[in-house]
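Visitor: turn this into a model:
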Amino acid sequence: MDIHVIPGREYDSNIYLIVGKVPTIIDTGTGFHTREVTDSIKEIISPTQIQQILLTHEHFDHVGGVHDLVLLTKGNAKIYAHQESVHKLSEGKSTFAEMIGGKMPKIHVDVSLSDGMQLMLGDLSFTVFSTPGHSIGSFCVYGEKNQVLFSGDTIFANGGFGRYDFPGGDFQALLSSITRLATLNVTALYPGHGPIVQHHGKEHILKALRSIQSLM
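Guide: Sure, this is the predicted structure:
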């Protein structure tokens with residue numbers, strides 16, 4: 001699977017570009033570094049080929065750059081987000097964005113996602129896993145064939161997991177989400193922030209599960 005990582009800068013989330021039959025972007029950062037992100041994408045693929053932009057949840061550091069990237073694709077890319085985040089994204093409100101000098105865009109979601117839906121990312125099929133806890137509209141996508149998990153801010157490398165003290169966060173929901181993800185066979189883990197894990201991803205998920213369980 002051809003996955004390219006554009007590492008997050010400052011507040012930005014990681015941005016993932018998956019190349020193949022259905023070229024896809026996962027998350028867009030704040031939009032503060034659009035020029036650098038655009039240059040990185042152009043080195044890999046003609047932006048007009050990109051068909052999908054997935055927003056793993058509704059926080060500004062993952063969605064702020066979405067309009068710039070849709071424009072880059074000349075409107076060819078459709079925006080995908082979890083059904084629980086659609087209303088929040090349409091409002092265009094974020095206290096966090098204002099705190100760091102940004103402006104939350106009002107986002108029209110073209111395709112709303114729900115648990116169990118199947119998506120083609122690049123050349124392979126992935127399953128949507130609803131993973132509330134960090135936010136109400138958080139989701140992950142898992143490819144069973146290649147054992148790849150794009151985990152958003154639900155799980156990070158080395159046993160990290162998303163905060164649950166933001167509006168819309170919920171400790172018990174996050175615990176349930178991580179418990180569910182711990183049942184998957186994961187080799188490669190691609191989180192919303194920080195380093196990626198190319199081998200033994202499940203070990204990092206199990207470590208996250210132990211860490212959150214220790215808070216009970």
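Visitor: all the strands of this structure, residue numbers only.
Guide: With DSSP state E as the criterion, the chain has strands at 2-6, 15-19, 24-26, 52-55, 78-82, 111-113, 118-121, 124-130, 139-143, 148-152, 188-191.
Visitor: the fifth one: partners in the sheet, and parallel or antiparallel?
Guide: Paired with strand 78-82 in the same sheet, following DSSP bridges, are strand 52-55 (parallel), strand 111-113 (parallel).
Visitor: what bridges to Ile79?
Guide: Per DSSP bridges, residues listed as beta-bridge partners of Ile79: Ile53.
Visitor: could you tell me how many residues sit around His82?
Guide: Close neighbours of His82, defined as other C-beta atoms under 10 Å, add up to 28. All C-beta spots, glycine's among them, are computed from the backbone N, C-alpha and C.
Visitor: hmm, it is touching His57, no?
Guide: Yes. Contact criterion C-beta atoms under 8 Å: His82 and His57 qualify, at 7.2 Å.
Visitor: so which residues of this protein form helices?
Guide: Assigned by DSSP state H, the helices in the chain fall at 34-44, 60-63, 66-72, 86-91, 95-99, 171-181, 201-213.
Visitor: now the last one against strand 148-152, angle please.
Guide: What that stands for is helix 201-213. When axes from the mean of the first three to the mean of the last three C-alpha atoms, to 10 degrees is applied, the directions of helix 201-213 and strand 148-152 differ by 30 degrees.
Visitor: now helix 201-213, how far from the centre of its chain.
Guide: 19 Å (C-alpha atoms, centre = their mean, to the nearest Å).
Visitor: got the contact list for that helix?
Guide: The list of residues contacting helix 201-213 from outside it, by C-beta atoms under 8 Å, 6 or more residues apart in numbering, reads 147, 149, 155-161, 171, 174-175, 178-179, 181-182, 184-189, 197.
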